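Enquirer: For reference, the sequence and a predicted model appear below.
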Amino acid sequence: MLQQLANGVFAGSIYALFAIGFTLVFGILRHLNLAHAAIFTGGAFVGIELATRFDVPIWLLFPIVAGAGALAGVLLERTAFRPLSGRDDEHFAGLISSVAFGGLLIALLHARYGTEPQSFPSSYFPNRLYEIAGLRVTLMQLVTLGLALVLMLGLAWLVSKTPLGRAMRAVAENPTAAKVVGVNVTRVTAGTYALSSALGSVAGVLLALNLGQANRGLGASIELIGFAVIILGGLGSLWGAMAAGLILGLAEALTVTYFDSTWRGMVAFALLFAVLVIRPKGLFGHVKVREV
């Protein structure tokens, strides 16, 4: 059982890292970015190509993929959301526009890589196994958990302690007032999308490294879990997304231990239903009306 719980923590860290991109954009801009899963998938494919064609070492792979993800996020904001700013149906239209952007990105991946799964070189990352207090964990799992925690805690620090984070919180509270006091709302918006997509791209690489390969459905396979995580944790709550991702990973591990692996896919939605009935605002959420 302890082994399954450890596996649940490793899986949950990827869920949380993926979901934080969703909740960052929604919490600050109130945009529901449905292209996030496609950027997640794109990050995995870019990582695999860098490793196979250019032999980029793993310590350099993550910064490059994060940078590529950030550029994709800025492009997404400039093309799918900014032209719709000020419309009465801005949020709904942006949602549809993000779907189109995500579909275009997946089509480009198809044109570039075809339909077959792409894999990291077999010797790209050491296949080491450790036994810690009776638990068997791989080096890849430890790297996944460590990197995910560093990135999530780093983002929480950035939002709460830095000038950029203060600007983000000001825009989240009241974008008009933030503009009046000198906050560059356009730059903050683009930066939010860049951070969100950078984290999503790195999460895609981590999942592909753990699976050994990536296919075009990689993001779609985790997208609904990401929705469940941000609703469980509370819409707009970074700490909630972190906690809910780990909770969901542990819940899936317990399901596999005590029931059957075929029930694993139902866990997220069973938890989601229960939380919505008992605490509609999520485990760590709070009701807030945004001034416009």
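Expert: Yep, it's here.

Enquirer: Counting by contacts, list what the worst-scoring helix or strand of the chain on mean pLDDT packs against.
Expert: Least confident helix or strand of the chain, by mean pLDDT, DSSP states H and E, is helix 264-278 with a mean of 80. Where contact means 3 or more Cβ pairs under 8 Å, 6 or more residues apart in numbering; DSSP states H and E, helix 264-278 is packed against helix 218-233, helix 238-258. C-beta: built from backbone N, CA, C; applies to glycine.

Enquirer: Tell me which of those helices lies nearest to Val183.
Expert: helix 238-258 (19.7 Å; Cβ to Cβ).

Enquirer: For the closest one, buried residues please.
Expert: 238, 240-253, 255-256 (16 or more other Cβ atoms under 10 Å).

Enquirer: what's near enough to touch Ala208?
Expert: Contacts for Ala208 (Cβ atoms under 8 Å, 6 or more residues apart in numbering) come out as Ala44, Gly47, Ile48, Phe120, Ala214, Leu218.

Enquirer: Which of the three states applies to it?
Expert: helix (DSSP: H, G, I helix; E, B strand; the rest coil).

Enquirer: Touching, Ala170 and Ala177? I think so.
Expert: Yes: because the distance of 7.3 Å satisfies Cβ atoms under 8 Å, Ala170 is recorded as touching Ala177.

Enquirer: neighbour-wise, which of those two wins?
Expert: Ala170 (19 against 13; other Cβ atoms under 10 Å).

Enquirer: what about the residue lying closest to the more buried one once chain neighbours are set aside, helix or strand, and which?
Expert: Spatial nearest neighbour of Ala170, chain neighbours left out: Ala178 (3.9 Å); criterion: Cβ to Cβ, 6 or more residues apart in numbering. Assessed by DSSP states H and E, Ala178 sits inside helix 175-180.

Enquirer: ok, now Glu131?
Expert: Counting by DSSP H and E, Glu131 is part of strand 129-132.

Enquirer: and Ala228, what does it touch?
Expert: Ala244, Leu248, Ala268, Phe269, Leu271, Leu272.

Enquirer: how does it look with 7 Å?
Expert: Leu248, Ala268, Phe269, Leu271, Leu272 (Cβ atoms under 7 Å, 6 or more residues apart in numbering).

Enquirer: would you turn those residues into CSV with distance to Leu17?
Expert: Listed next are the contacts of Ala228 as CSV, based on distance: Cβ to Cβ, whole Å:
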residue, distance to Leu17
Leu248, 13
Ala268, 16
Phe269, 21
Leu271, 19
Leu272, 19
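
Enquirer: Where neighbours are concerned, which of those has the most?
Expert: Result: Leu248 is most packed of those (other Cβ under 10 Å), 26 neighbours.

Enquirer: And it, how close does it get to Met140?
Expert: According to Cβ to Cβ, to the nearest Å, Leu248 and Met140 sit 20 Å apart.
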